[in-house]
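A.B. asks: Need a 3D model of the following:
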Amino acid sequence: KLTELLQWYVTTFRDPLMLQPPEWFKAFVYCEAFLQLPFFPVAGYAFLKGGCRWIRTPAIIYSTHVATTLFAILAHVLFHDFSKSELLGPQTLHERLTLLSVYVPYLLIPLLILYTMLCNPHYSHPEKRKRK
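C.D. replies: Down below sits the predicted model:
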């Protein structure tokens, strides 16, 4: 069933990155598996508990890393010549924009986290410590 779902996705959205990923895309997948996924439970704890200012630096690192990788993926989707690929990739602007709509949420969420960490007064002001 999962193979059928993957095949449906690749056919519907014309995303060859999922079936035959280039080496640079594989590197992003490994970063996601070994760096980003372990961050999720830690961040989930910090955000659900609330008041955890220590999450600011890890969240900034996470969000900038993910945004950087997504810029590369989005540029590839927009500008790569898929006519020479073995698998069908997006050919028209409409198909490229459709595939982009799949990847854009993965950029927006980290940008919102980054904005929150940099602009929210709760996270942006240093913690004041009491003098003894």
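
A.B. asks: contacts and neighbour counts: CA atoms only from here.
C.D. replies: Noted.

A.B. asks: need the helix or strand of this protein with the lowest average pLDDT.
C.D. replies: helix 121-124 (a mean of 84; mean pLDDT, DSSP states H and E).

A.B. asks: Can you name every helix or strand that that one contacts?
C.D. replies: Packing contacts for helix 121-124, counted by 3 or more CA pairs under 8 Å, 6 or more residues apart in numbering; DSSP states H and E, involve helix 105-119.

A.B. asks: Can you give me the buried ones in the helix it packs on?
C.D. replies: 107, 110-111, 113-114, 116-118 (16 or more other CA atoms under 10 Å).

A.B. asks: Might one say that C52 is in contact with A46?
C.D. replies: Yes. In this structure C52 lies within contact range of A46 using CA atoms under 8 Å: 5.5 Å.

A.B. asks: which residues do those two both contact?
C.D. replies: In the contact map built from CA atoms under 8 Å, 6 or more residues apart in numbering, no residue is linked to both C52 and A46.

A.B. asks: pLDDT weak spots in this protein?
C.D. replies: Along the chain, segments meeting pLDDT under 70 span 87, 125-132.

A.B. asks: where do the strands sit along it?
C.D. replies: Assigned strands in the chain: none (criterion: DSSP state E).

A.B. asks: Tell me how many other residues surround A59.
C.D. replies: If you count neighbours by other CA atoms under 10 Å, A59 ends up with 20.

A.B. asks: Tell me who's in contact with it.
C.D. replies: Counting by CA under 8 Å, 6+ apart, A59 makes contact with 43, 113-114, 117.

A.B. asks: ok so, going back, for the least confident helix or strand of the chain, buried residues please.
C.D. replies: Y123.
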